[in-house]
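# Model the structure of this input:
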Amino acid sequence: MDSTSSERNLGIKFQELFELTPALDAASIEAVYRIRHEVYCRDLGWEPVREDGLEMDDYDRHSVHCLLRSRGTAEPVGCTRLVLARPEDPSYLLPFEHSCRDVIHRDECDPSTLPRDDVAEVSRLAVIGRFRQRKGETAKPVSVADEDFESRSGIPRFPFIPVSLYLGAAAIAQRLNIENVFVLTEPRLASHFARIGFDIRPIGGEIDHRGIRVPSVLSSRKVVEGLRPLIRPLYEVIEKSVNEAFDAHPDVTRRLRPDTSAN
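From the prediction side, this is the model:
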């Protein structure tokens, strides 16, 4: 394959640059907490600085984390998590169900009416500072802009870091048979992601939560089905990595989804 073809194949290009995997062992999970501490505590000041350098909260006990590293050096790049509901405790709410309780358009999508084993939330996206150096990005944990999708000498630019983290969360949801995945995002994120066939739609009004945010929902199944041909090789690389990680840690699936067989 020539270099131009390689550049156009986002799966190949991603593998040259990054490695994304679920954080299913203690060392990987600690790396996630350290990324979050650097971004949320030291860079942005959204959470207090902690002596141990780890940013954690109660939701982490029932979450699956994604860890993005630089290929070759294994340098940490970014992370996110998929917060799972607790089917055995219907009163346990996902983070956005607290912060957005008054703005959700429940006639369009009411999370409280959905089976609790079929909902989850993407949260705590964070990207290390040197990977978000463009103007205006240093005050955000991660962002996507119009110019990320523009072509350069016939070769498309592409926001590998945020898109791969969202695709990683979608792949984990698919692995765990979770259909409805919620996320609290900047208002324009849905329109940016629609460009790549990413099924995500707002379900409520704006709130001020570290900037203006809106609650949105994505269907993990429709995300996979609707991806544009350019994006599918990237998703396939990420899905393979996700499945290999879960296959190597079957105890994690049994713990998180005791009544669900692995895919």
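# Point out where this protein drops to low pLDDT.
Within the chain, the segments meeting pLDDT under 70 span 1-8, 133-157, 258-263.
# which residues of the stretch 51-200 of the chain fall in helices?
Assigned by DSSP state H, counting those that start in this stretch, the helices in the stretch 51-200 of the chain fall at 95-99, 160-175, 189-194.
# And these: which comes nearest Asp251?
Relative to Asp251, the nearest member of these by Cβ to Cβ is helix 160-175, separated by 14.4 Å. Backbone N, C-alpha and C define where each C-beta goes, glycine included.
# List the buried residues for the closest one?
Neighbour-count burial for helix 160-175, with 16 or more other Cβ atoms under 10 Å as criterion, is recorded at 160-175.
# To His105, which of the helices of the stretch 51-200 of the chain lies closest?
Closest approach to His105 among the helices of the stretch 51-200 of the chain is made by helix 95-99 (13.2 Å; Cβ to Cβ).
# now the strands for the stretch 151-263 of the chain?
The residue ranges that make up the strands of the stretch 151-263 of the chain, judged by DSSP state E, counting those that start in this stretch, are 151-152, 155-156, 180-185, 200-202, 207-208, 212-219.
# Give the pairing partners of the fourth one; include direction for each.
So the one you mean is strand 200-202. Applying DSSP bridges, strand 200-202 is found paired with strand 212-219 (antiparallel).
# The strand it pairs with vs helix 160-175, what angle?
Put simply, strand 212-219 runs at 40 degrees to helix 160-175, going by axes from the mean of the first three to the mean of the last three Cα atoms, to 10 degrees.
# what's across from the closest residue to Ala245 other than its chain neighbours in the sheet?
With Cβ to Cβ, 6 or more residues apart in numbering as the measure, Pro22 is the residue that lies nearest to Ala245, at 4.6 Å, once sequence neighbours are left out. Beta-bridge partners of Pro22, counted by DSSP bridges, are Cys66.
# Could you report the neighbour count for Pro22?
By the other Cβ atoms under 10 Å criterion, the neighbourhood of Pro22 contains 27 residues.
# now the host helix or strand of Glu19 and helix 160-175, what's the angle there?
With the criterion set as DSSP states H and E, the secondary-structure element containing Glu19 is strand 18-23. Here strand 18-23 runs at an angle of 40 degrees relative to helix 160-175 (the same axes, to 10 degrees).
# For strand 18-23, buried residues please.
In terms of neighbour count (16+ other Cβ under 10 Å), strand 18-23 has its buried residues at 18-23.
# Which single one of those is nearest to Ser220?
For the buried residues of strand 18-23, with Ser220 as the reference and Cβ to Cβ as the criterion, the closest is Pro22, at 14.5 Å.
# circling back: same for the strand holding Glu19, what does it pack against?
Contacting strand 18-23 under the criterion 3 or more Cβ pairs under 8 Å, 6 or more residues apart in numbering; DSSP states H and E are the following elements: helix 26-36, strand 63-70, helix 160-175, helix 232-248.
# Render the CA-only coordinates of the first one in CSV, please.
Same thing as helix 26-36. Taking Å, rounded to 0.1, in the frame of the first residue of the first chain, the C-alpha atoms of helix 26-36 are listed here in CSV:
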residue,chain,number,x,y,z
ALA,A,26,-4.6,-2.0,38.0
ALA,A,27,-1.7,-0.3,36.3
SER,A,28,-3.8,0.9,33.3
ILE,A,29,-6.5,2.2,35.6
GLU,A,30,-4.0,4.1,37.6
ALA,A,31,-2.6,5.7,34.4
VAL,A,32,-6.2,6.8,33.6
TYR,A,33,-6.5,8.5,37.1
ARG,A,34,-3.2,10.2,36.6
ILE,A,35,-4.2,11.6,33.2
ARG,A,36,-7.4,12.9,34.8
